[in-house]
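>>> my questions concern the predicted model and sequence given below.
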Amino acid sequence: MRAPTGDQYELACDTPAGQARVTITQLAAGIRSYSVGGIDVTEPYDESLATPSGCGIVLVPWPNRVANATWWWRDESGSVSEQKLAVTEPARGNAIHGLLRYTPYLLVMRTKNSVTLSATVYPQPGYPFLLDTSVRYTLTADGLMVEHTVTNAGAKDAPVAIGAHPYLKIGGVPTEDLVLQLEATTHFEVDERMNVVGEHPVHGTEFDLRNGRRVGDLQLDDGFGGVMHRGGRAEHSLTAPDGRSVVLWADTSYGYVQAFTHRSFATLPAGEVAVAIEPMTAPADALNSSQGLSWLATGETMKTAWGIEPRLV
């Protein structure tokens, strides 16, 4: 039987903590599994399943939500037009997670420890732009590096943001007992449909996760800004009581992050929690706010990098 997520690309590498193994899917170029020495460091799901809750997928040309699946485009001539996207979050009336969630990527290059996949965003209702995109996954003894490239292949300036949707864990440790730390200084307030209505400093609030908080004490599906970078990268993490951790790092392109404590993840028993830490180059509804949004001229290319570093020894 063919996998619902298409072809499966297996990567392997030796590390001090044992062999690292990663599976990348053809559909949405997603991370289906990542383990080190037999310990899962991302939430895995079986090859027979469709991608649960956006697990590990690429988010292009926007991450998160576009309110009411509608935004206004001012073109190079100054003309303004309403752009109506497909409603892909029907319960809330929004468009969510970009345009490649159900796109099969093409294989560009593959080695034992790396794979490069590509996909095209074609002009369509609500997004009249042409983009060539690629993602390269490279597995090393230090971790998994993810490099994105987006090129405007069309004749009009194109709005672009990039994100990803990995769920992190430390196999064998209840995720509720892990400590979540986010290097972010602001929090986005949302309405009942999860659309942004404000941005506020986290200092002195329940959303200040710079020193970490136990996952079991959190209820999050929240965006954060003001991500702090040191030495050219930000680090967000999950840490076990024994000191082992999994770090999601991101380059300076990623000024935003979403944290999601998911208590109905399809592959987990009821009540157990999965945690997504989602690096984003722009926050929710950036097509409307323009916050963090990149406008690529014809032929211009945007490159970003993020990765996952298991620190298990």
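That came through, no problem. Residues are numbered from 1 along each chain as shown.

>>> who's in contact with the closest residue to Ser245 other than its chain neighbours?
Closest residue to Ser245 apart from its sequence neighbours, by Cβ to Cβ, 6 or more residues apart in numbering: Thr239 at 4.2 Å. Yep, even glycine has a C-beta here, placed from its N, CA and C like the rest. Thr239 sits next to 178-179, 181, 212, 245 when contact means Cβ atoms under 8 Å, 6 or more residues apart in numbering.

>>> what separation do you get for Thr239 and Gln124?
Distance of Thr239 to Gln124, given as Cβ to Cβ, to the nearest Å: 42 Å.

>>> for Gly56, same thing?
Per Cβ to Cβ, Gly56 is found 24 Å from Gln124.

>>> between those two, which is the more surrounded one?
Between Gly56 and Gln124, counting by other Cβ atoms under 10 Å, Gly56 is the more crowded of the two (28 against 12).

>>> name the element the more buried one belongs to?
For Gly56, there is no enclosing helix or strand under DSSP states H and E.

>>> that one: what's it in contact with?
With Cβ under 8 Å, 6+ apart, Gly56 has these contacts: 25, 30-32, 42, 164-167.

>>> could you do Val257 as well?
Counting by Cβ under 8 Å, 6+ apart, Val257 touches 182, 184, 223-224, 227, 234, 236, 250, 277-280.

>>> and which of those is nearest Ala270?
Ile277 (22.6 Å; Cβ to Cβ).

>>> what's the host helix or strand of that closest one in contact with?
Using DSSP H and E, Ile277 falls within strand 274-280. For strand 274-280, contacts defined as Cβ under 8 Å, 6+ apart pick out 43, 53-54, 59, 63-64, 161-169, 175, 178, 180, 182, 215, 223, 236, 238, 248, 250, 254, 256-263, 265, 268, 292, 306.

>>> quick one: mean pLDDT over it.
Strand 274-280 comes out with an average pLDDT of 98.

>>> quick one: name whatever helix or strand follows it.
Per DSSP H and E, the first helix or strand lying C-terminal to strand 274-280 is helix 286-289.

>>> packing partners for that following helix?
In terms of contacts (3 or more Cβ pairs under 8 Å, 6 or more residues apart in numbering; DSSP states H and E), helix 286-289 is packed against strand 70-74.

>>> follow-up on the earlier one: among the contacts of Gly56, who's most crowded?
Top of the contacts of Gly56 by neighbour number is Ala164, holding 28 neighbours under the definition other Cβ under 10 Å.

>>> for beta bridges, what are the partners of it?
Taking DSSP bridges as the rule, Ala164 bridges to Val58.

>>> gap between it and Lys84?
26 Å.

>>> if any of the contacts of strand 274-280 are buried, give me the PyMOL selection for them.
Here is the PyMOL command that selects only those of the contacts of strand 274-280 that count as buried (16 or more other Cβ atoms under 10 Å):
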select buried, resi 43+53+54+59+63+64+161+162+163+164+165+166+167+168+169+175+178+180+182+215+223+236+238+248+250+254+256+257+258+259+260+261+262+265+268+292+306
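
>>> residues contacting Ala250?
The neighbours of Ala250, taking Cβ under 8 Å, 6+ apart as the test, are 227, 233-234, 236, 257, 279, 304-307.

>>> redo that, cut-off 10 Å
Contact partners of Ala250, counting by Cβ atoms under 10 Å, 6 or more residues apart in numbering, are 146, 164, 183, 227, 229, 233-236, 256-257, 277, 279-281, 304-307.

>>> pLDDT wise, what is the nearest residue to Pro283 once chain neighbours are set aside at?
By the measure of Cβ to Cβ, 6+ apart, the closest residue to Pro283 outside its immediate chain neighbours is Tyr256, 4.7 Å from it. At Tyr256, the predicted lDDT confidence score is 98.

>>> got it, and Trp62?
So Trp62 comes in at 98 (pLDDT).

>>> for it, helix, strand, or coil?
coil (DSSP: H, G, I helix; E, B strand; the rest coil).

>>> is it true that it touches Ala282?
Yes. Proximity of Trp62 to Ala282 meets the contact threshold set by Cβ atoms under 10 Å, at 6.9 Å.
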